[in-house]
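In: based on what follows, work out the 3D shape:
(2 chains, ligands or ions: 2)
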Amino acid sequence: MLIDLRQVSKTYQAGQVAVHALKTIHLHIAKGEFVAIIGQSGSGKTTLLDILGCLSRPTGGEYWLDGENTGALTESQLTTIRNRKIGFVFQTFHLLPRKTALDNVQLPLMYAGVSRPAQISRAQELLTQVGLEDRITHYSNQLSGGQQQRVAIARALANRPALLLADEPTGNLDSQSGKDILDMFASLHREGQTIVMITHDPLIAQRAQRRITLADGRITADESTGSRDPVLL
Amino acid sequence: MIGSIFQDAFKNLTANILRSSLTMLGVIIGVASVITMIAIVEGGQLWLVNSIERLGTNLLFVWKKRLTVEERRMFAGRNTQLRYEDALAIRERFPELVVAPILELDQKLKTGDRDYSGRLTATSPEFSTIRNFHPATGRFLTRSDLKEWKRTIVLGKTVAEVLFGSSPAVGEEVKIADQRFTVVGVMEPKGEVYGQDYDEMMFVPVTTGLRFFTGNDKIRSLILHVPERGHMPEVTEELHQFLVQRHDGVDDIRIRNQGEFLGAIDQTIWTFRIVLGGIAIVALLVGGIGIMNIMLVTVTERTREIGLRKAIGAKRRDILLQFLIESITISVVGGCVGVIVGIFAANGFGNMVAQSMPGGGDWGAVIQPSAILIAFLFAVGVGVTFGLFPAMKAARLDPAEALRYQ
Ligand SMILES: Nc1ncnc2c1ncn2[C@@H]1O[C@H](COP(=O)(O)OP(=O)(O)OP(=O)(O)O)[C@@H](O)[C@H]1O
Ligand SMILES: [Mg+2]
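Out: Ligands and ions are numbered 1, 2, ... in the order given. Predicted coordinates for the structure are as follows:
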């Protein structure tokens, strides 16, 4: 079991008001699964993803990742886990501006302590893998949205993470670029990559194996999509 | 790993060259102003000391103390005056010293159609040697002038110009209080030193001054040159005792040496130093606050970047290191530029003073390596200190919050 959420809850304190963004979530995700999380705005999708990605800690319950109780880990150990085991893809790409595609992909390798020549060759390999071999020295603001997201995917895959987390990865893209990204996810999935992807689009969720529906901080449905037909898109 | 973070930080700086230069500007201004101010103060001090020493070295000045009414009543009948005889007696008792008596007389000089009111200095030939102040044309006073109460006069450059214009003054006559005096010399230009304009001086034999103007033998002061600087304290002491003894045991004498004057100047200089130093430190602090300000803005601006970096594996230490490297680089580079700018500014200012100040021809900024070092270290210290706070703030950011930051 890669992901094991046990009665996880998350309460934000917004001034005097407590916002219960997640309420007793039970969730298991095995290695190699491709899971879509859908739900309306404010239902807690990003909050759940933050917890899965060790970006924030649950306020209640336990999160076991790859057999390890993350609650027992220090800040610095969580950072190492994010660096080695998790890859993030965001709706707004979050590439560093004024840096080249190569620089951006090198970052997680740099924080992993990889030597500089190895960083560069690995980053080049990844950019080639996402089809950007001719955009390696382009600055991120010189790239189209779809290209930026592909750089972000290359960056997410840099340290061969066990878990790829994507928050609305196609949200800012036109339908063709979005489809390219989803195709890339599908092929990564075929190679055995575990993927958890947030979307509010049921059609996009169809591309995953399994669809989890969140409503008001609770899981209201957890079903197999049964369909993997790309023609539906 | 640290090497990579270094490289990454440098890339950040060069990628945001405008932001980096603005931040650097604060340091540059701070360092340059510290160096300039120190150079100006040091230059000014050197110039003052030089210009005073140009008027003779190893000098002692002897005055009569002013006595209180009570003291005057108490010492009535005793010899409590500084007299020309004292000067002669000193010359006999301390042959190694060079002594010049000084009597000052406010008088009006007249030629056929012009006149000049000023202060006559009645003195002896030694004055010229002691003060290192020599005639440009003609001669200074001589021993025979004194012996024979000659009515000879030596004029300062300005006085000669006022009375005789561009025509030669030596050999001409001037009238002082209906006595005819012959001009025997005109002094070299000397300019103003510490409030005294040497070009406005004029000299007559001290004996002539006593005989024709005051009618007694009281003089105002004595000026002495001590050949051996090391002997000055003993000489001062012996001279004091000698004079008290001559004055029937009344201690009405004050002796000061040039060092004390220079000490007074030193004090002035120190005041300057403290004031200018204060301004310079404020400049540096403002520079430092500038760095902090921009680093803080940077943290806000770069919140999402920091969130992203932490999300993909940057530890607190890495973020802290990155920001520290950025601020150290800025302050070191800014410090270097500031040193160069400061050296140029100090020299420029030195030249400006040299050209605009009368007699400031040899004024120059004095740039000491220690000043450069202090300014530089202080700038780096300020840069690091003020860079540290934003860096710690950046390192503590929560990644999830930082990523959502709009
Ligand atoms: N830092 C925070 N402080 C207080 N409340 C928060 C915070 N972050 C999220 N929330 C609240 O938690 C709830 C869940 O937010 P979350 O961002 O997880 O929703 P979401 O499902 O991702 O929505 P969307 O589809 O709009 O991205 C919302 O009500 C939101 O207002
Ligand atoms: Mg969201």
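In: count of residues packed around the residue nearest to A:Arg84 when sequence neighbours are not counted?
Out: Of all residues not flanking A:Arg84 in the chain, A:Asn159 sits nearest, at 5.4 Å (Cβ to Cβ, 6 or more residues apart in numbering or on different chains). Every residue, glycine included, has its C-beta placed from N, CA and C. Neighbouring residues of A:Asn159 were enumerated by other Cβ atoms under 10 Å in any protein chain shown; the total is 21.
In: could you do B:Pro390 as well?
Out: For B:Pro390, the neighbour count with other Cβ under 10 Å is 23.
In: wait, isn't the residue nearest to A:Arg84 in contact with A:Gln106?
Out: No - counting by Cβ atoms under 8 Å, A:Asn159 does not reach A:Gln106; the two are 11.4 Å apart.
In: can you tell me how far A:Gly217 is from chain B?
Out: Distance, A:Gly217 to chain B, using Cβ to the nearest Cβ, to the nearest Å: 16 Å.
In: for chain A, what's the nearest residue on chain B?
Out: Nearest residue of chain B to chain A: B:Gly313, at 2.6 Å (Cβ to the nearest Cβ).
In: ranges for the strands of chain B?
Out: According to DSSP state E, chain B carries its strands in the segments B:59-64, B:98-110, B:115-123, B:135-138, B:152-155, B:173-176, B:179-187, B:192-193, B:196-197, B:202-205, B:221-225, B:253-257.
In: oops, could you answer that again for chain A instead?
Out: With DSSP E applied, chain A shows strands at A:3-14, A:17-29, A:34-39, A:60-65, A:68-69, A:86-89, A:163-167, A:194-198, A:210-215, A:218-224, listed in chain order.
In: how about residues contacting the third one?
Out: If I follow you right, that is strand A:34-39. For strand A:34-39, contacts defined as Cβ atoms under 8 Å, 6 or more residues apart in numbering or on different chains pick out A:29, A:45, A:48-49, A:185-186, A:189, A:194-202, A:204-205, A:207-215, A:225.
In: which of those count as buried?
Out: Buried by 16 or more other Cβ atoms under 10 Å in any protein chain shown: A:29, A:45, A:48-49, A:185, A:189, A:194-199, A:204-205, A:207-214, A:225, out of the contacts of strand A:34-39.
In: the longest helix that chain A contains: which residues count as buried?
Out: Secondary structure of chain A per DSSP state H: the longest helix is helix A:175-190. The neighbour-count criterion (16+ other Cβ under 10 Å) identifies A:Ser177, A:Gly178, A:Lys179, A:Asp180, A:Ile181, A:Leu182, A:Met184, A:Phe185, A:Leu188, A:His189 as the buried residues of helix A:175-190.
In: surely the second one and A:Thr170 touch.
Out: Going back to what we said before, that points to A:Gly178. Yes - taking Cβ under 8 Å as the definition, A:Gly178 is a contact partner of A:Thr170 at 3.4 Å.
In: what about the residue most central in space within chain B, distance to B:Gln196?
Out: Among the residues of chain B, the one closest to the centroid is B:Gln45, at 2.9 Å (Cα atoms, centre = their mean). When Cβ to Cβ, to the nearest Å is applied, the distance between B:Gln45 and B:Gln196 equals 19 Å.
In: with B:Gly290 instead?
Out: Taking Cβ to Cβ as the criterion, B:Gly290 is separated from B:Gln196 by 46 Å.
In: same drill for these two, tell me which one is more crowded.
Out: Residue environment comparison for B:Gly290 versus B:Gln196 gives the larger neighbour count to B:Gly290, 22 against 11, counting by other Cβ under 10 Å.
In: centroid-nearest residue for chain A?
Out: The geometric centre of chain A, computed from its C-alpha atoms, lies nearest to A:Leu165 (Cα atoms, centre = their mean), at 1.4 Å.
In: now that residue: how far from A:Ile195?
Out: 8 Å.
In: need the helix or strand of chain A with the lowest average pLDDT.
Out: Taking mean pLDDT, DSSP states H and E as the measure, the helices and strands of chain A show their lowest mean at helix A:202-205, namely a mean of 91.
In: per-residue confidence at B:Gly360?
Out: Predicted confidence (pLDDT) for B:Gly360: 58.
In: repeat that for the one 3 residues further on.
Out: Note on B:Trp363: pLDDT of 70.
In: my read is that it contacts B:Gln355, right?
Out: No - in this structure, B:Trp363 is not within contact of B:Gln355 by Cβ under 8 Å, at 9.2 Å.
In: more neighbours, those two?
Out: The neighbour count for B:Trp363 versus B:Gln355, taken as other Cβ under 10 Å, is higher for B:Trp363 (23 against 10).
In: enumerate every residue touching that one.
Out: Shown in contact with B:Trp363 (Cβ under 8 Å, 6+ apart): B:Gly43, B:Gly44, B:Trp47, B:Gly350, B:Val353, B:Ala354, B:Met357.
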